[in-house]
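Trainee: any chance you can model this:
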Amino acid sequence: MSTPVSACTSLTKIPTLNIRPVANFQPNIWGDQFINYTPEDKVTRACKEEQVEDLKKEVRRKLMASATSSPSHLLNFIDAVQRLGVAYHFEGEIEKALQQIYGTLHDGSDMDGDLYNIALRF
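Mentor: This next block holds a predicted model:
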């Protein structure tokens, strides 16, 4: 025998939802700063891109100027550029500088002998 469908549904009660109290949180310390974001206009974006290009030129100039100074200073500068994560902009200049260092100091006689500079050369 089969039980009627209406009998099965009356046996199971649908639980009532308990309404939870709303928490009273402190106001956000950031305010609406991130909610009210407006994208930059074309003039501001162009100005920032120009600043980025000027900074790239300055780093390139410093790379070329450091090539004439001591090799340890140049290696420290290259290490700093790589640690900042912007070395991909200057791959060619860095490669030239490292080739110049290797070509002139392959025997290691003019290099500072401390462990840090030796590790940078490695």
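
Trainee: what's the residue nearest to the spatial centre of the chain sitting at in phi/psi?
Mentor: With distances taken as CA atoms, centre = their mean, the residue of the chain nearest its centroid is Gly85 (6.9 Å). Torsion angles at Gly85 (phi, psi; degrees, to the nearest 10) stand at phi 80, psi 20.

Trainee: against Glu53, how distant is it?
Mentor: Gly85 sits 18 Å away from Glu53, going by CB to CB, to the nearest Å. No exception for glycine: its C-beta is placed from N, CA and C like everyone else's.

Trainee: just Ala80 next, same as before
Mentor: Distance from Ala80 to Glu53, by CB to CB: 20 Å.

Trainee: average pLDDT for the longest helix seen in the chain?
Mentor: Longest helix in the chain by number of residues (criterion: DSSP state H): helix 42-68. Averaging pLDDT along helix 42-68 gives 87.

Trainee: what's the following helix or strand after it?
Mentor: From helix 42-68 onward toward the C-terminus, using DSSP states H and E, the following helix or strand is helix 71-84.

Trainee: alpha carbons only: can I get that next one in PDB?
Mentor: Below are the C-alpha coordinates for helix 71-84, written out as PDB (Å, rounded to 0.1, in the frame of the first residue of the first chain):
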ATOM      1  CA  PRO A  71      82.100  47.100 -10.300                       C
ATOM      2  CA  SER A  72      80.900  46.500  -6.800                       C
ATOM      3  CA  HIS A  73      78.700  49.700  -6.900                       C
ATOM      4  CA  LEU A  74      77.300  48.600 -10.200                       C
ATOM      5  CA  LEU A  75      76.500  45.100  -8.900                       C
ATOM      6  CA  ASN A  76      74.800  46.600  -5.900                       C
ATOM      7  CA  PHE A  77      72.700  48.900  -8.100                       C
ATOM      8  CA  ILE A  78      71.700  46.000 -10.400                       C
ATOM      9  CA  ASP A  79      70.800  43.900  -7.300                       C
ATOM     10  CA  ALA A  80      68.600  46.700  -6.000                       C
ATOM     11  CA  VAL A  81      66.800  47.100  -9.300                       C
ATOM     12  CA  GLN A  82      66.200  43.300  -9.400                       C
ATOM     13  CA  ARG A  83      65.000  43.300  -5.800                       C
ATOM     14  CA  LEU A  84      62.500  46.100  -6.600                       C
END
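
Trainee: thank you kindly, that will do.
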